[in-house]
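> coordinates only, sequence not included:
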DNA sequence: ACAAAAGTGTTAAGAATACACCCATGT
DNA sequence: ACATGGGTGTATTCTTAACACTTTTGT
């Protein structure tokens, strides 16, 4: 295959796709149809063949097994490369993982038999391989991105209320904020603006809608934590 | 090689080794002996064969081409996986990069013909491939680690003066600190302690020596920047 | 005595925290 | 009229930033 005796290791990709559902952070999993870990849940992943970039492989695998077209994601970022032991029966493999963020994602089950589903991160099913560790690594990275940057553009709809914004932070960071302090601080960062509209829903005062001034992810002057 | 037609891409590893020399951040480079980029300087890197973890491959290559035994490094951390184009004449390759930190490192030229040398980051020679971009990515990561953690344990000797500590920060972050504020803040973090000794050198008052209370890298309560 | 780096405190401005009530709407 | 979530201000504490002189040593 390659001249002069060089044999590369098996290369795989994994995707960790997060979205918020009902103020909770959720992650996309598929059900393993085969041993090892038959009946366990796993991150959508698969082989990376020669001639394919890791990002291409990730897109292909995510769509084929996870039922999510990569074009629906608002952010994709390479996470870490794991030297996975025992992932492949053929031996040692190297796995490049990507984190993806979006909102309103629903897996298209069309041609997959892998039952892709979003699970709330606080209540994950039994996980194959070291995927529990990978998810918590990804969650940690997401936490850190939220603290330092405007990453939540990728988790929220274009127009959102301050309460939704605060809930997104609370869901990812796992603790609550004081409403007045949160609003004062976020508004002082000068990264969001009112759309002018408001949203009526339920028997209470309508909420003003905001949008991010920039759709790209920016570094914050003062961090949240 | 592998059954059922799967052919993995070429996998390589690269190492970005930093150390401080005379209050300047330096990086280890080797001179390319062959085309492409013959005569340019490059990060020590090489092939990762099947059956070898990326970290093992990185250790092997760093010692063979860079003349630095990995045991001399105080910290090794995976940095990023680049889908390198045109790194290998045989086509698309995937390269896992590692950042290493140490002090007092001197390349052992024994069996290498690659002239490994440390170059000050502000004055790099002409670089092969996209290695200039990789070095600045690594530098950015190092900056961020220094701001948030006690990563400079890996850059300083066990006992160091506060002036040395401050110089390390200044060399990596690229800007100066006020001496009184820096000392006050660092001491208030409660992560270093006096050794009890001091160091006389030159025609001036001797400097007290300090050590980190923990040799592992800890998160700081308040950041530097 | 002088040159050179080590060491040291105070003040002012800005940021973070703690905390409780009124507002606009639907039923 | 009441229930529901939206919206707002102040006082205190902590952190940061700006700033200059004295100490100890070697020559």
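Structure's in. What do you need? Everything quoted here is computed from the prediction, not taken from an experiment.

> what's the nearest residue to residue A:177 once chain neighbours are set aside in contact with, if anything?
Distance criterion CB to CB, 6 or more residues apart in numbering or on different chains; nearest residue to residue A:177, sequence neighbours excluded, is residue A:166 at 5.8 Å. The way it works is simple: take the backbone N, C-alpha and C, and place the C-beta from them, glycine included. Residue A:166 is in contact with A:177, A:179, A:182, A:183, counting by CB atoms under 8 Å, 6 or more residues apart in numbering or on different chains.

> and residue A:166, which of the three is it?
helix (DSSP: H, G, I helix; E, B strand; the rest coil).

> pLDDT value on it, please?
Per-residue pLDDT puts residue A:166 at 98.

> Next: residue A:111.
pLDDT, residue A:111: 66.

> The one 10 residues further on too?
The predicted local confidence for residue A:121 comes out at a pLDDT of 98.

> give the contact list for it.
A:18, A:24, A:25, A:26, A:27, A:135, A:139.

> Taking helix B:131-148 as reference, get the angle to the helix of greatest length in chain A.
If you go by DSSP state H, chain A has its longest helix at helix A:131-148. If you take axes from the mean of the first three to the mean of the last three CA atoms, to 10 degrees, helix A:131-148 sits at 80 degrees to helix B:131-148.

> that older thread, next step: the contacts of residue A:121 restricted to helices.
A:135, A:139.

> Now find how far off-centre the longest helix of chain A is within its chain.
9 Å (CA atoms, centre = their mean, to the nearest Å).

> same thing with stretch A:124-142?
On CA atoms, centre = their mean, the centre of stretch A:124-142 falls 11 Å from the chain's centre.

> Same check on stretch A:13-30?
5 Å.

> thinking again about what came up before, for the contacts of residue A:166, pick the one with the most neighbours.
Counting neighbours by other CB atoms under 10 Å in any protein chain shown, residue A:182 leads the contacts of residue A:166 with 18 neighbours.

> Relative to chain B, which of the contacts of residue A:121 is nearest.
Ranked by distance to chain B (CB to the nearest CB), those are led by residue A:139 at 16.5 Å.

> got the residues of chain A near chain B?
A:1-2, A:6-11, A:47-55, A:78, A:80-81, A:83, A:90-92, A:94, A:96, A:223 (CB under 8 Å from any CB of the partner chain).

> Wasn't residue A:92 part of a strand?
Yes: the assignment for residue A:92 by three-state DSSP puts it in a strand.

> ok, so what distance separates it from residue B:7?
Applying CB to CB, to the nearest Å, the value for residue A:92 to residue B:7 is 17 Å.

> The two - which one has more neighbours?
Remark: of residue A:92 and residue B:7, residue A:92 carries more neighbours, 16 against 13, as counted by other CB under 10 Å.

> quick one: residue A:9 from residue A:138, how far?
Taking CB to CB, one finds residue A:9 at 23 Å from residue A:138.

> can you check residue A:40 too?
Residue A:40 is 18 Å from residue A:138, by CB to CB.

> Likewise for residue A:32?
Look at residue A:32 and residue A:138: by CB to CB, they are 19 Å apart.

> can you check residue A:176 too?
23 Å.

> ok, the two, which is more surrounded?
residue A:138 (25 against 11).

> Just give the closest residue to that one, not the sequence neighbours.
Closest to residue A:138 by CB to CB, 6+ apart is residue A:16, at 4.1 Å.

> what helix or strand does that neighbour sit in?
strand A:10-21 (DSSP states H and E).

> Residue A:198 too?
Secondary structure here is read from DSSP H and E; on that basis residue A:198 sits in strand A:192-199.

> Whichever helix or strand comes after that strand packs against which elements?
Per DSSP H and E, the first helix or strand lying C-terminal to strand A:192-199 is strand A:207-212. When contacts are defined as 3 or more CB pairs under 8 Å, 6 or more residues apart in numbering or on different chains; DSSP states H and E, strand A:207-212 sits against helix A:162-173, strand A:192-199.

> of all the residues in chain A, which ones are close to DNA strand D?
Proximity of chain A to DNA strand D is confined to A:161-163, A:179-181, A:183-184, A:198, A:202-208 under the rule CB under 7 Å from any atom of the strand.

> Spatially nearest residue to residue A:57, not counting backbone neighbours?
Here the residue nearest residue A:57, using CB to CB, 6+ apart, is residue A:48, at 3.9 Å.

> May I have the residues that are in contact with that neighbour?
Contacts of residue A:48 (CB under 8 Å, 6+ apart): A:11, A:12, A:13, A:54, A:57, A:96, B:8, B:9, B:94.

> Reformat these as TSV; add neighbour count.
Output for those, formatted as TSV (neighbours: other CB atoms under 10 Å in any protein chain shown):
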residue	neighbour count
A:11	25
A:12	23
A:13	28
A:54	22
A:57	24
A:96	26
B:8	23
B:9	22
B:94	27
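
> for those, which one is nearest DNA strand D?
residue A:96 (36.0 Å; CB to the nearest atom of the strand).

> Reformat the contacts of residue A:48 as a markdown table; add distance to DNA strand C and pLDDT.
As requested, those are exported to a markdown table (distance: CB to the nearest atom of the strand, whole Å; pLDDT from 0 to 100):
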| residue | distance to DNA strand C | pLDDT |
| --- | --- | --- |
| A:11 | 42 | 95 |
| A:12 | 41 | 95 |
| A:13 | 37 | 97 |
| A:54 | 37 | 97 |
| A:57 | 40 | 97 |
| A:96 | 35 | 97 |
| B:8 | 47 | 91 |
| B:9 | 45 | 94 |
| B:94 | 40 | 95 |
